[in-house]
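*Asks:* make a model of this:
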Amino acid sequence: MAHFGADVDAVFNDLRLERYMFSDPDQLVALRDAGSLLARAVEVTGYQRLPFYLAESQDLSYLGTFGLLLQTSGTVGEVLREIQDYHQIHIQAATWTLTTTARTASLNFWVDVQDVSPLQRRLTVELALAQAFLIVKTLVGSTAYLERVRVRYDFEEGRQTYRRFFHAPVEFNQEVNALDFPMGLLDRPVSPNNAALHEVVRQQISSLDLSGRQTDLVHDVRVIIRRLLPTGQCTVERVARYYHCDKRTLQRYLREESDTTYQALLDEVRFDLIQNYLRDSTLPMTQLAQVAGYTDTSNFSRAFQKRFGMSPRDWREEHSERKPSTRKRRLATKRPVL
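*Replies:* Reported below is the predicted structural model:
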């Protein structure tokens with residue numbers, strides 16, 4: 001913000017944030033506060049590309065201990081797996097997951113908090129994806145490349161900026177926020193690496209309490225549910241297998257630790273997902289139903305109506321901040337009558 005001539009102190013005062021919270025790389029900051037700061041920074045600077053500029057202006061020192069872990073990794077694959085396994089040391093209110101196919105490794109990002117605006121969510125996703133891409137690029141050199149970038153929201157006006165930054169095709173209104181790397185890149189060595197130091201740092205991070213988040217059963221179950229929902233196989237039995245127990249034992253753990261049930265968590269995750277997609281994207285209802293784990297669109301609509309008292313389309317119209325573009329409205333008026 002200072003680079004663009006903004007009054008930084010005034011911004012922090014308006015948001016009631018303390019500047020020192022953002023100066024320590026190992027200091028945990030609420031994601032909603034970071035999102036508010038990003039949105040206000042874009043407003044006061046008038047620079048829409050600010051998340052990408054911020055990512056380019058940082059080095060790995062901003063990640064603190066987590067950055068040291070990544071720097072001392074042996075390969076790109078190890079870097080991506082450790083972003084998935086240890087990201088809580090840097091960001092707790094979001095989830096990174098790594099999924100692979102025969103030819104692609106996808107690093108997926110999901111924001112867990114609900115009380116952020118669509119703009120704040122988009123800016124947070126932009127910054128996270130830009131940072132992750134530059135981490136890989138820094139560690140392996142300019143030879144790092146992407147097959148594509150996918151984002152959940154509708155932001156066609158940003159396509160050119162995304163393509164220039166990532167040097168890859170960009171797809172909007174997707175089911176995930178993801179960087180898709182070619183599988184061959186995972187075996188690329190990281191330079192320099194230090195196996196001995198890496199193990200010391202990994203053990204140090206593994207021993208951290210992280211405010212109880214690493215051992216939070218409800219949080220972990222919610223993450224697993226979110227991964228399984230689009231597969232149509234998100235059953236309590238399958239989730240229980242992750243803990244090497246049967247469904248009754250898992251239900252008992254949830255009841256004892258958090259006084260909740262698997263079905264309650266499933267409903268929370270499912271409808272959180274639906275609300276986020278309705279608010280941030282223009283995905284059709286058939287695809288939304290599939291993402292939420294419904295095999296039938298009518299069942300999806302009935303369940304949504306029962307929970308929120310209105311149809312998914314009405315909810316989107318009431319809560320979405322995006323309006324149809326002038327061009328789309330103009331095209332609609334020219335549609336021929338058959």
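*Asks:* so for stretch 100-107, what gets flagged as buried?
*Replies:* Of the residues in stretch 100-107, those scored as buried under the neighbour-count criterion (16 or more other CB atoms under 10 Å) are 105-107. The C-beta positions use only the backbone N, C-alpha and C, and glycine is treated the same way.
*Asks:* out of those residues, which one sits closest to Thr286?
*Replies:* Closest approach between the buried residues of stretch 100-107 and Thr286, by CB to CB: Ser106, at 22.9 Å.
*Asks:* wait, a strand at the closest one?
*Replies:* Yes: with DSSP: H, G, I helix; E, B strand; the rest coil as the criterion, Ser106 is part of a strand.
*Asks:* any idea of the mean pLDDT for whichever strand or helix holds Leu254?
*Replies:* Under the assignment given by DSSP states H and E, the secondary-structure element containing Leu254 is helix 247-258. In this model, helix 247-258 has an average pLDDT of 88.
*Asks:* now the element after that helix, going C-ward?
*Replies:* Counting by DSSP H and E, what follows helix 247-258 is helix 262-280.
*Asks:* list the helices and strands that following helix packs on?
*Replies:* Packing partners of helix 262-280 (3 or more CB pairs under 8 Å, 6 or more residues apart in numbering; DSSP states H and E): helix 118-140, helix 217-228, helix 236-241, helix 247-258, helix 285-291, helix 297-308, helix 312-319.
*Asks:* and the third one, average pLDDT?
*Replies:* Pointing back at helix 236-241 there. Here the mean pLDDT over helix 236-241 is 86, rounded to a whole number.
*Asks:* export it to PDB, keeping only CA atoms.
*Replies:* As requested, the backbone C-alpha atoms of helix 236-241 are provided in PDB (Å, rounded to 0.1, in the frame of the first residue of the first chain):
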ATOM      1  CA  VAL A 236     -20.100 -42.300   7.400                       C
ATOM      2  CA  GLU A 237     -18.600 -45.700   6.800                       C
ATOM      3  CA  ARG A 238     -16.100 -44.400   4.300                       C
ATOM      4  CA  VAL A 239     -15.100 -41.500   6.500                       C
ATOM      5  CA  ALA A 240     -14.700 -43.800   9.500                       C
ATOM      6  CA  ARG A 241     -12.200 -45.800   7.400                       C
END
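*Asks:* I'd like to know which elements that helix is packed against.
*Replies:* In this structure, helix 236-241 packs against helix 217-228, helix 247-258, helix 262-280, with contacts taken as 3+ CB pairs under 8 Å, 6+ apart.
*Asks:* about what we covered before: would you tell me which one of the helices and strands packed on helix 262-280 is buried the most?
*Replies:* When neighbours are counted by mean count of other CB atoms under 10 Å, the highest per-stretch mean among the helices and strands packed on helix 262-280 falls to helix 118-140, a mean of 21.
*Asks:* what mean pLDDT does it have?
*Replies:* Mean pLDDT, computed over helix 118-140, is 92.
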